[in-house]
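1. With the sequence up front, the predicted model follows.
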Amino acid sequence: MATVGLDQTLAIPIKGYAWLPDLRRRTHGQPTPMRVLGRPAVAIGGPAAARFFYADGNIERHDAIPGLDTLFGRGAVHTLDGRAHELRKALFVALLAGDGVETLAKQVGGAFDEAADEWRGGPSFSLFDEVARVIAVAVGRWVGVPQNERDRNALARDMVAMVDGFAAAGPRQARARLARRRRERRWARLIADVRREEPGPTALSAIAHHTADGYLLDARTAAVELINIVRPATAVTYLVSFAAHAMERWPRVRARLASDDRYALAFVHEVRRFYPFVPFIGGRAARDLHFQRTDIRPGTLVLLDVYGQHHDPRVWPEPYEFRPERFLDRPVGEFELIPQGGGDPRAGHRCPGEQITVALLGTIAQRLARLEHYLPPQDLSISLGRIPARVTDGPRIVVA
Ligand code: HEM
């Protein structure tokens, strides 16, 4: 297959979210062969591509994308295949689905209300920083991690640092690595302590005592997986700041969001579709594959273009319009809206934290819509060159 242009590695940090959509336009949405890090790669997108990507046995994850250890941690569930993945994933699915989701959403909502009482009548502040603290502290408590006053701010800072810096160079990358080292070390000691106790009802205890084929995880890997709950839950903050951006930019959505639960769910899905967060998902072809008239050799890096798929007019009419209504009259397909992957989360790599994401974003966005607040003049741009994208100034808000 003919590859597109030069090796693409250097284009990624320059073009950010526009990288794959731009390349895929050159091949009119068909699979786009290229080279990344000197190795063959192919970009695909669209619901059929997502179905292909998540079909059993097509794609492997180990060593697929270098540099993700800073984000996920070494030996994380994200990087496992086959039976090892199946056993580890069952742990996450058991912890993150069911009644626990509602309990966590209530706790986060309550913590947001308490914080809002403090914000009232005060000066402007970074909604991003405050929401990160609210979520990190509530989720930390929910998983059973002991926290003292000083650790509360540090917890949010560490979780955000790992997300914010994994794909960056320079100081952001350094902060991400430092945060990861610090948390893994601290939580590995915590895991060792918890193992001396009887199993309890918390996620911390479940991870500490989890066995796969009769073996406990080593303490460091257990810490990695504990972080793999608290970090992405804290990352819902990015989506909350986009929700605040949407309310400011399209004020008509705010009143309906505040009062209508069905609309609130549609709003949450539209935020997850419209705004840039996960740019693409990658893996390696596990065997000889064929997709849309393209042969894909074993070992080829396969990149599923999430951002491009969410802005493809064939899937989402007028994709650059922010319109929650589009989710009121259509069911969410398993392979169309894929901000957290596609398919069945129990079987494949789809995010097991999607219910938590939707619940936390919904509860906070609705509270924010009801809260008397305004955004003072500031830079509300969102650069597509920055991964992960953020509202430049936070946003900062004032609560009346
Ligand atoms: C901010 C919202 C979130 C986004 C955008 C997000 C996105 C993703 C994506 C794209 C994947 C990879 C899918 C794949 O490789 O096929 C993933 C996997 C994962 N996510 Fe999330 N996620 C979010 C929130 C959460 C939450 C709240 C949790 C836990 C509380 C969580 C835990 C995980 C885990 C453990 C995996 C690995 C699953 C596996 O490899 O089988 N995520 N997420």
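-> Perfect, thanks for sending it. Numbering: from 1, shown residues only.
2. Is residue 167 part of a helix or strand, or is it coil?
-> Classification of residue 167 using DSSP: H, G, I helix; E, B strand; the rest coil returns coil.
3. same deal with residue 398?
-> Assigned by three-state DSSP, the conformation of residue 398 is strand.
4. ok, it - how many residues close by?
-> Residues within reach of residue 398, counting by other Cβ atoms under 10 Å, total 16. Any C-beta I mention is one placed from the backbone N, CA and C, and that applies to glycine too.
5. From residue 369, how far out is it?
-> For residue 398, the distance to residue 369 equals 16 Å [Cβ to Cβ, to the nearest Å].
6. Kindly report the same for residue 376.
-> Residue 376 is 18 Å from residue 369, by Cβ to Cβ.
7. a strand runs through residue 302, doesn't it?
-> Yes: under three-state DSSP, residue 302 falls within a strand.
8. Would you mind naming what in the protein lies close to the ligand?
-> Contacts of the chain with the ligand, taken as Cβ under 6 Å from any ligand atom, map to 77-78, 89, 92, 96, 228-229, 232-233, 235-236, 239, 277-278, 281, 339-341, 349-353, 356-357.
9. Of residue 376 and residue 369, which one has the most company?
-> Counted by other Cβ under 10 Å, residue 376 and residue 369 do not tie: residue 369 has more neighbours, with 20 against 11.
10. helix or strand for that one, which one?
-> helix 354-370 (DSSP states H and E).
11. Which ones among the residues of the chain next to the ligand map onto strands?
-> Assignment to strands by DSSP state E places the following of those there: residue 281.
12. Give the ChimeraX command for selecting the buried subset of the residues of the chain next to the ligand.
-> In ChimeraX, a selection of the buried entries from the residues of the chain next to the ligand looks like this (16 or more other Cβ atoms under 10 Å):
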select :77,78,89,92,96,228,229,232,233,235,236,239,277,278,281,339,340,341,349,350,351,352,353,356,357
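13. Check the offset of the next helix or strand after the helix holding residue 369 from the chain's centre.
-> Next along the chain after helix 354-370, taking DSSP H and E as the criterion, comes strand 373-374. In terms of Cα atoms, centre = their mean, to the nearest Å, the centre of strand 373-374 is found 27 Å from the chain centre.
14. How about stretch 115-123?
-> Worked out by Cα atoms, centre = their mean, stretch 115-123 lies 28 Å from the chain centre.
15. same check, this time on stretch 74-93
-> Offset of stretch 74-93 from its chain centre (Cα atoms, centre = their mean): 17 Å.
16. Residues in contact with that stretch: which ones?
-> 60-64, 68, 72, 206-207, 210, 212-213, 220-221, 224-225, 228-229, 286, 345-346, 349, 352-353 (Cβ atoms under 8 Å, 6 or more residues apart in numbering).
17. Which members of the residues of the chain next to the ligand are positioned in helices?
-> 89, 92, 96, 228, 229, 232, 233, 235, 236, 239, 356, 357 (DSSP state H).
18. Identify the farthest-apart pair in those residues.
-> Longest distance between any two of those is 23.3 Å, between 89 and 239; criterion Cβ to Cβ.
19. Quick one: end-to-end length of stretch 57-73, please.
-> From its first residue to its last, stretch 57-73 covers 24 Å (Cα to Cα, to the nearest Å).
20. List the buried residues in it.
-> For stretch 57-73, burial by neighbour count (16+ other Cβ under 10 Å) applies to 58, 59, 60, 61, 64, 65, 68, 70, 71, 72, 73.
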